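**Student:** Sequence first, then the predicted structure, then my questions.
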Amino acid sequence: MIKLRVNGKPRMFRGAPFKRLLDVLREDFRLTGAKEGCGEGECGACTVLLDGEPVNACLIPVCQAAGRRVETVEALGTPEKLSKLQASFLERGGAQCGICTPGMLVAARAHLASGGRPDDASVREALAGNLCRCTGYQHIVESVLAAAKGAKKPAKAKRPRA
Amino acid sequence: MRGDARSMRVLAPRTPAEASRALAADPRALALAGGTDVMVSWNMGLLNGRTVVDLSRLPWRRVRETKAGLELGALCTHADLRRHPDVRARFPLLAEACATVGAAQIQNRGTLGGNLANASPAGDTFPPLAAYEAIVRCVGPTGRREVPLAAFFTGVKRTLLAPGELIESVLLPAPPRPWTRSLFRKVGTRAAQAISKTVFAGLLRVEKGAVADVRLAFGSLAPTVRRLKAAEEFLRGRRLDAEAAARAADLLGLDVSPIDDVRSTREYRLAASRGLLIRFLKGD
Ligand SMILES: Cc1cc2nc3c(=O)[nH]c(=O)nc-3n(C[C@H](O)[C@H](O)[C@H](O)COP(=O)(O)OP(=O)(O)OC[C@H]3O[C@@H](n4cnc5c(N)ncnc54)[C@H](O)[C@@H]3O)c2cc1C
């Protein structure tokens, strides 16, 4: 039996210890926010926090999460009460099809929570392991920066980079 | 085909001796550190039915000062090393290399020992380790040994490690005197999450106007990381001007043998590497 803390609550898992953390979260704990994209650690759609650090849940057998803290996008907010970061993505077009969004949110949250700088280059580096095929990233980065600054209104639209 | 969790047996030894024994006892058993290489293969269904020896409980995630230099435990992650103050201050090329491995998610899991044992021709920590003349400390069923990095790799994805033998740590010897200049550069398709087309680490010490010591190492240009022995020898004792830099760069081909593959071409790799080398030697 494997014990871990998921989104602040103690949880137990009784299945195969080599089952991927991603599958345990989605199938056993019904937390379907983290998505499977590539299954190779390239796309970041399965990003969760392990003891506060962003990791790819598709590359971790659940036995390696034993005794540790896991946070998924579900811990950020609820549809009724979005976090500042989630609200910012919504207001500024940081989400389009939505597949990459949970991973983006979790990676951005880790960056800001760990005292990462709220500037363009630092946010881009923090999100470099998260691929988005819709937005071209500009609106995602703007969403994170705006949330970091606590801005209420969308910043003046910048022309996207070539 | 996918990974089948129920087909796997997992062991979680608490001591290095236990881990070596478990690995030596079963030739198909596999060590697992951060899993960023192992789990990719597992997800593709290539490792079903294997025994996995999870190393994460071993006391190898620390950096310590020894008489000879800095000892980096094999379980240090790339994130640990890129932010460690002693690594950054004294072996900055390694800290820079770790900061280019994958992206945050990979750096938080991938370990130094896993990078070495995986022995990819493109391992980004290898050129700095080769330039700093790192020593790989191994421990196995027959005891401990220290292997110079130059001898550790025996080919693409091949190392000297014997069955049951593990990397315990990497020793970075302290340089006798500070370097005049140093450079790490990785050339990939994008700034993050890209495997190197070429990757360079250089260290140079100039004394009394001439090259007193120079160490030049490239990854991704041969089956294993390579020091440029011919260029280094040519430069030692010489005054470093544009002509010497260009002539040293002409010797590149004596120590590397890049190939065409999905990531780049031989020609591009040579041209880009030559450019990096000249830029480093000229110091601009
Ligand atoms: C998306 C992605 C991007 C990547 N980008 C880069 C990159 O830019 N540059 C780069 O160099 N690499 C990159 N990698 C490869 C990988 O992240 C690194 O090689 C990493 O350092 C491997 O460490 P690990 O702890 O995850 O190894 P694991 O996957 O746990 O193990 C790798 C191999 O080493 C063995 N092993 C592990 N630890 C030990 C030990 N202490 N002693 C003996 N054997 C051991 C295992 O049995 C296995 O064969 C990338 C991987 C992914 C998935």
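**Tutor:** Noted; the coordinates are in hand.

**Student:** how about the CA coordinates for stretch A:143-151, as PDB?
**Tutor:** Extracted in PDB, the C-alpha atoms of stretch A:143-151 (Å, rounded to 0.1, in the frame of the first residue of the first chain):
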ATOM      1  CA  SER A 143      -1.800  35.800 -18.500                       C
ATOM      2  CA  VAL A 144       0.900  34.700 -16.100                       C
ATOM      3  CA  LEU A 145       2.500  38.100 -16.000                       C
ATOM      4  CA  ALA A 146      -0.800  39.800 -15.300                       C
ATOM      5  CA  ALA A 147      -1.700  37.400 -12.500                       C
ATOM      6  CA  ALA A 148       1.800  38.000 -11.000                       C
ATOM      7  CA  LYS A 149       1.200  41.700 -11.000                       C
ATOM      8  CA  GLY A 150      -2.300  41.300  -9.700                       C
ATOM      9  CA  ALA A 151      -3.600  43.400 -12.600                       C
END
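
**Student:** Which residues does that stretch contact?
**Tutor:** A:84-85, A:87-89, A:91-94, A:108, A:111-112, A:118-120, A:123, A:127, A:154-155 (C-beta atoms under 8 Å, 6 or more residues apart in numbering or on different chains). For glycine as for every other residue, the C-beta is placed from the backbone atoms N, C-alpha and C.

**Student:** What residues of that stretch count as buried?
**Tutor:** By 16 or more other C-beta atoms under 10 Å in any protein chain shown, the buried positions in stretch A:143-151 come out as A:S143, A:V144, A:L145, A:A146, A:A147, A:A148.

**Student:** Likewise for stretch B:159-176?
**Tutor:** Quick answer for stretch B:159-176 (16+ other C-beta under 10 Å): B:T159, B:L161, B:G164, B:E165, B:L166, B:I167, B:E168, B:S169, B:V170, B:L171, B:L172, B:P175.

**Student:** Identify the farthest-apart pair in those.
**Tutor:** B:G164 and B:P175 (34.0 Å; C-beta to C-beta).

**Student:** Now that you've got the contacts of stretch A:143-151, can you turn the buried subset into something I can paste into PyMOL?
**Tutor:** Command for PyMOL that selects the buried part of the contacts of stretch A:143-151, burial taken from 16+ other C-beta under 10 Å:
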select buried, chain A and resi 84+85+87+88+89+91+92+93+94+108+111+112+118+123+127
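
**Student:** so who does the residue of chain B found nearest chain A touch?
**Tutor:** Closest to chain A within chain B is B:A103: 2.8 Å, counting by C-beta to the nearest C-beta. Applying C-beta under 8 Å, 6+ apart to B:A103 gives the contacts A:G44, A:E125, A:A128, A:G129, A:N130, B:A192, B:Q193.

**Student:** From those residues, pick the one nearest the ligand.
**Tutor:** Comparing the contacts of B:A103 against the ligand with C-beta to the nearest ligand atom places B:Q193 closest, at 5.6 Å.
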